[in-house]
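[1] take this sequence and fold it.
(one chain, ligands or ions: 1)
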Amino acid sequence: MEPRSPAANDLKDAHRRFREFRLGKTEDRIFTHPIGHPSEPTGFCPCEGSFWKATWVYAKGALLRLVFNLPFNGLKVWLLRRLGARVGSKVYFCAGVWIDPLFPELLTIEDGVFLGTSAKMFLHEFGVGEFRAGKVLLRRGAFVGGLAVIRCGVEVGAGAVLAACAVVARDVPSGCTAISPPARIINPATKQIM
Ligand SMILES: CC(C)(COP(=O)(O)OP(=O)(O)OC[C@H]1O[C@@H](n2cnc3c(N)ncnc32)[C@H](O)[C@@H]1OP(=O)(O)O)[C@@H](O)C(=O)NCCC(=O)NCCS
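    Take a look at the predicted model:
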């Protein structure tokens with residue numbers, strides 16, 4: 001057998017560490033690994049694997065999309081738990097919430113969390129030069145506004161509020177509100193922002 005190249009050994013070791021990360025065997029919140037341009041094979045997307053692995057990812061995505069647009073909250077909670085996420089009690093999902101289907105096992109939602117219409121939670125990112133996956137934790141009683149976007153690796157503290165359309169890229173402390181810039185209004189006569 002041909003000896004493995006150092007790059008292949010490195011990728012094999014990264015896959016082992018990534019598996020342990022996804023199984024919750026490390027305390028790390030974020031896993032990163034250098035990659036080339038994400039338009040090239042990265043070694044981390046399940047779609048680059050076998051036909052069945054790729055089909056499973058798309059099937060998970062389609063199933064999540066379908067179920068999260070149905071009016072059965074219990075079914076949403078059940079499906080997420082089946083896919084490996086930890087979801088507490090009295091968690092409510094409005095229609096159209098989107099959960100990254102690649103690694104749903106990285107998501108934890110504590111008791112009493114509300115997620116507004118079409119809120120989105122990313123659990124991985126392919127960037128230029130880096131693959132990143134991160135655990136998202138929504139602590140007890142957090143409120144996620146409609147269309148809010150949560151980046152992978154973010155923790156939302158107990159009772160925190162994410163405003164509608166907030167783009168949340170870092171941790172939100174307990175009880176705080178995260179808000180993105182609102183639309184600015186221009187006076188047509190003066191062309192000034194009011
Ligand atoms: C963030 C939020 C909780 C604030 O509510 P509030 O305390 O009543 O806030 P106010 O209306 O007094 O607004 C306070 C300031 O925040 C701004 N603001 C309010 N909501 C905002 C938003 N989503 N994005 C950006 N800025 C916002 C207001 O313009 C105001 O700024 P100003 O003082 O410079 O004019 C609320 O606006 C919100 O986004 N709720 C989420 C609703 C939702 O998505 N529900 C689920 C749907 S299914």
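
[2] which bits of this structure sit near the ligand?
    94, 116-117, 145-146, 161, 163-165, 177, 179-180, 182 (Cβ under 6 Å from any ligand atom). Where C-beta positions appear, they are placed from N, C-alpha and C, glycine not excepted.

[3] make a markdown table out of these and add neighbour count, distance to residue 21 and pLDDT.
    Shown next, in a markdown table, are those (neighbours: other Cβ atoms under 10 Å; distance: Cβ to Cβ, whole Å; pLDDT from 0 to 100):
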| residue | neighbour count | distance to residue 21 | pLDDT |
| --- | --- | --- | --- |
| 94 | 16 | 30 | 98 |
| 116 | 21 | 29 | 98 |
| 117 | 14 | 31 | 98 |
| 145 | 19 | 29 | 98 |
| 146 | 18 | 31 | 98 |
| 161 | 19 | 29 | 98 |
| 163 | 19 | 31 | 98 |
| 164 | 16 | 32 | 98 |
| 165 | 18 | 30 | 98 |
| 177 | 12 | 31 | 98 |
| 179 | 16 | 31 | 98 |
| 180 | 13 | 29 | 97 |
| 182 | 9 | 37 | 94 |
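
[4] biggest separation within these, which pair?
    Within the residues of the chain next to the ligand, 94 and 182 form the most distant pair, 21.1 Å apart (Cβ to Cβ).

[5] ok, back up a step: restricted to helices, list the residues of the chain next to the ligand.
    Using DSSP state H, no member of the residues of the chain next to the ligand falls within helices.

[6] just the ones of these in strands?
    When the residues of the chain next to the ligand are checked against strands (DSSP state E), the matches are 161, 177.

[7] quick one: which of the residues of the chain next to the ligand is nearest residue 30?
    Nearest to residue 30 among the residues of the chain next to the ligand: residue 180, at 22.0 Å, using Cβ to Cβ.

[8] can you check the pLDDT for the residue nearest the centre of the chain?
    With distances taken as Cα atoms, centre = their mean, the residue of the chain nearest its centroid is residue 122 (2.2 Å). For residue 122, the pLDDT comes out at 98.

[9] please list all residues in contact with the closest residue in space to residue 170 that isn't next to it in sequence.
    Nearest residue to residue 170, sequence neighbours excluded (Cβ to Cβ, 6 or more residues apart in numbering): residue 154, at 6.5 Å. By Cβ atoms under 8 Å, 6 or more residues apart in numbering, residue 154 lies in contact with 134, 136, 137, 168, 169, 170, 171, 172.

[10] can you say which of the residues you listed are buried?
    Buried members of the contacts of residue 154, scored by 16 or more other Cβ atoms under 10 Å, are 134, 136, 137, 168, 172.

[11] dump these into JSON lines; add pLDDT and secondary structure as well.
    Below are the buried ones among the contacts of residue 154 laid out as JSON lines (pLDDT from 0 to 100; DSSP: H, G, I helix; E, B strand; the rest coil):
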{"residue": "134", "pLDDT": "98", "secondary structure": "strand"}
{"residue": "136", "pLDDT": "98", "secondary structure": "strand"}
{"residue": "137", "pLDDT": "98", "secondary structure": "strand"}
{"residue": "168", "pLDDT": "98", "secondary structure": "strand"}
{"residue": "172", "pLDDT": "98", "secondary structure": "strand"}
